[in-house]
Structures are given as structure tokens and as C-alpha cells.
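Q: With the sequence up front, the predicted model follows.
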Amino acid sequence: SHDYTTGDGRKPENHMVTTLLQYTLYLQIFPHYRAAVFGALAASSEYKYDFYYDPAGIETSIVSGEVSADHYPLIVRQWRGLMWQGGAIRLALSGPANGFIFLGNPYILSTWIAAMLARFRGRPVFFWSHGWLRRETGLKGRLRRCFYRLADGLMVYADRAREIGVAAGFSPDRIHVINNSLDYAAQKQIREALLSGSAENSGPDDALPDSPYFLCVTRLVPIVELHQAIEAMALLPRCATLVVVGAGPEHDRLKARAEGLGIEVRFLGAIYDEMRLARLFLGARAVVSPGKVGLLAMHALAYGAPVITHDDLDWQMPEVEAIEPGV
């Protein structure tokens, strides 16, 4: 029997786990920032997880995580914004897994078929995704609702997504909020070491400006709208600096905009050393994301840095819910 959880995700009181239940996760890629989540899943004493994704990634600006045991390649083919993972169908049809977790992206066409085949075999299917970012109407909204109904349960990042889903006719028992996260245990350890002065090489960082500075850590892509932060800097006293960590196709345009306005912007490129990032977060007056803010909000708040972004929730990412105005 696969009826091993109640509607709210709790195990029934009389349930005894005698063997590891095997779950297969299908993702497009393994982003480096997912390493802690994958590691926590792999350490489970009740479930065995197999991870399938394209190790080459699908975006050059997202670095892949380090492959470990129970990680398997599943090539993603792309065409005009649509994707296909052919091996997912084969595994859903005949694989040994007790259940399946798919990235809840309706543009991965193979997931529609694989999810239906897994359900036909009596295997529970879950979709892991942002969920609803806003209320959708028209054909796009109907397609998304149809896609989400292929799953036994939805794992979404925010309470707002759950509220929109319930309003769209989904049972609240089928939508589970699992807030997005980074490696907070590692961040807490680094933060405490830096604040106590016990961190190795705790001397000054050359990347830190002498003047007060605002910080943005992001891929330099249009959706971040970082040009607004540069233009806002022109309204502040010239003693302030904007520090930008990240790389991407918008770099040259943003640099030219800063130079045109005479604004001091330090473009540090991509940084993946958490100790260096921690120093930058701890020293910043605030972290800025004029467009959508995602995991940057979680990263900043882990170090106590306030976050500035916009409040139009229809055009935000789920992680914005972590920000409390004035706190």
C-alpha cells in the first residue's frame, strides 16, 4: 500500500517504517545552492532518494553542484522554451521507486506523461515548485491548473501560493508549504565566527569599501532590474557605494549606466566563497533587489542584513514573504 501519509503529510500513528521508501526526484539541473537541501534528503533514515537531472545544466549563469552518490544524469533537451526529459518516462513506467517528485514546471513536456504513468502504476506523485506567483486567468491559467492536478500533492515555497491554489479549487490538504532555503547551518556557523572574531583569516577584505555601501548578490539578468538601484544611488550622498556580486549578460549595460551617472559601483563578479559573502552581507547597510527577490532575501536575512525590494506581490518571488517591513 502507498497510503503511508495523511492528508497533511503526517505519518499515521500506527505506521511502522520497516524498509526505506524510495523516492525519485526529477529536476532540470542541480544548482549549487541546492546542495544542502539534497544533502538533508540523502541523510534521511526513512526514505532513500535518487536524484536525476542534467549535469551540464541549462543556464550558463547557474553553477552546478557537486555530484555525489545516488545522483544520475537525465539529459534535458530544449526547444523554444519547452523541455523534454525522455528518460523520465522510462523510469516512471518501469523504475523501482515507491514514489516520484517532479519539478513542477509545466514547460517540461515529458513530466506530463511521466506523472500520468506513475499515477497509473499506483505511485504517488508530488510536484515541487514555486507554485502560483499570482492569480492566473485565460489559457495559461487553465493549463497550469490542469498540470498541477496530475500530482497527488504540491510542495510550494510560500503561503501566498497555497492561498491562490485553494482559491483556484485545489484542496488545502494537497498543497504543502516548504519554504525555500540555503545552507543555513553553515551560514550560522560563519556568522557567529565572524561576529566573535574567531574566524580564520578574519582580517579586512579588500572588496569591502571604506564608505557606507549597499549590496546586491544576483545574476546580472534583466529581471533583477538592477539599473533602478544604480539610478537611486544618484539621489544619495556621493559617499555611498553600491557593491554588486554576480555575473551575467547585463554587466556591460549596468556598468555603462553607472559611469554615465558618475556613481561608484563595484562589480566584484561571481563569488561562491561563503566566508567572503558573509563579510559583505554583515558590512552592508542594506541589500537591494529592485526587481524580483528570491533566495537573496534568505541569504541576506541569515546575516541580519535588511532587504529593500518592491511590494507588488504579483510580480515577486515567494521568498519575499520572509521580509517583514520595518523589521
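A: Structure received. Numbers count the residues shown, from 1 in each chain.
Q: Let me see the ranges of the strands in the stretch 1-150 of the chain.
A: In the stretch 1-150 of the chain, the strands defined using DSSP state E, counting those that start in this stretch lie at 21-26, 47-53, 71-73, 77-79, 82-84, 99-103, 125-128.
Q: Equivalent analysis for the stretch 201-327 of the chain, please.
A: 213-217, 241-245, 265-269, 286-288, 307-308.
Q: and residue 70, how far is that from residue 185?
A: Per C-beta to C-beta, to the nearest Å, residue 70 is found 21 Å from residue 185. C-beta: built from backbone N, CA, C; applies to glycine.
Q: between the two, which one's more packed in?
A: Legend: neighbour count by other C-beta atoms under 10 Å for residue 70 and residue 185, higher for residue 70 (16 against 10).
Q: my guess is that one meets residue 44, correct?
A: No. The pair formed by residue 70 and residue 44 falls short of the contact definition of C-beta atoms under 8 Å, at 11.4 Å.
Q: will you turn the strands of the stretch 1-150 of the chain into JSON lines that also has distance to residue 304?
A: Listed next are these as JSON lines, based on distance: least, C-beta to C-beta, whole Å:
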{"stretch": "strand 21-26", "distance to residue 304": "32"}
{"stretch": "strand 47-53", "distance to residue 304": "33"}
{"stretch": "strand 71-73", "distance to residue 304": "34"}
{"stretch": "strand 77-79", "distance to residue 304": "40"}
{"stretch": "strand 82-84", "distance to residue 304": "38"}
{"stretch": "strand 99-103", "distance to residue 304": "32"}
{"stretch": "strand 125-128", "distance to residue 304": "29"}
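Q: just to revisit the earlier point, TSV please, covering the strands of the stretch 201-327 of the chain and showing mean pLDDT and mean neighbour count.
A: Below are these laid out as TSV (pLDDT from 0 to 100; neighbours: other C-beta atoms under 10 Å):
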stretch	mean pLDDT	mean neighbour count
strand 213-217	95	23
strand 241-245	95	22
strand 265-269	94	15
strand 286-288	96	22
strand 307-308	96	18
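Q: just so I know, which of those lies nearest residue 232?
A: Nearest to residue 232 among these is strand 286-288 (8.0 Å), distances taken as C-beta to C-beta.
Q: in terms of contact count, name the helices or strands touching that closest one.
A: Strand 286-288 sits against strand 213-217, helix 295-302, strand 307-308, with contacts defined as 3 or more C-beta pairs under 8 Å, 6 or more residues apart in numbering; DSSP states H and E.
Q: Any idea which of those gets closest to residue 146?
A: Closest to residue 146 of the helices and strands packed on strand 286-288, according to C-beta to C-beta: helix 295-302, at 28.8 Å.
Q: hmm, who's touching that closest one?
A: The set of residues external to helix 295-302 that reach it, using C-beta atoms under 8 Å, 6 or more residues apart in numbering, is 33, 180-182, 184, 187-188, 191, 215-218, 277, 281, 284, 287, 289, 306-307, 309, 319-320, 322-323.
Q: can you tell me which of the strands of the stretch 1-150 of the chain comes nearest to residue 143?
A: Residue 143 lies closest, by C-beta to C-beta, to one member of the strands of the stretch 1-150 of the chain: strand 82-84, at 12.5 Å.
Q: now that closest one, how far from the chain's geometric center?
A: In terms of C-alpha atoms, centre = their mean, to the nearest Å, the centre of strand 82-84 is set 20 Å apart from its chain centre.
Q: Out of the strands of the stretch 201-327 of the chain, which is closest to residue 53?
A: Going by C-beta to C-beta, the one of these nearest residue 53 is strand 213-217, 24.0 Å.
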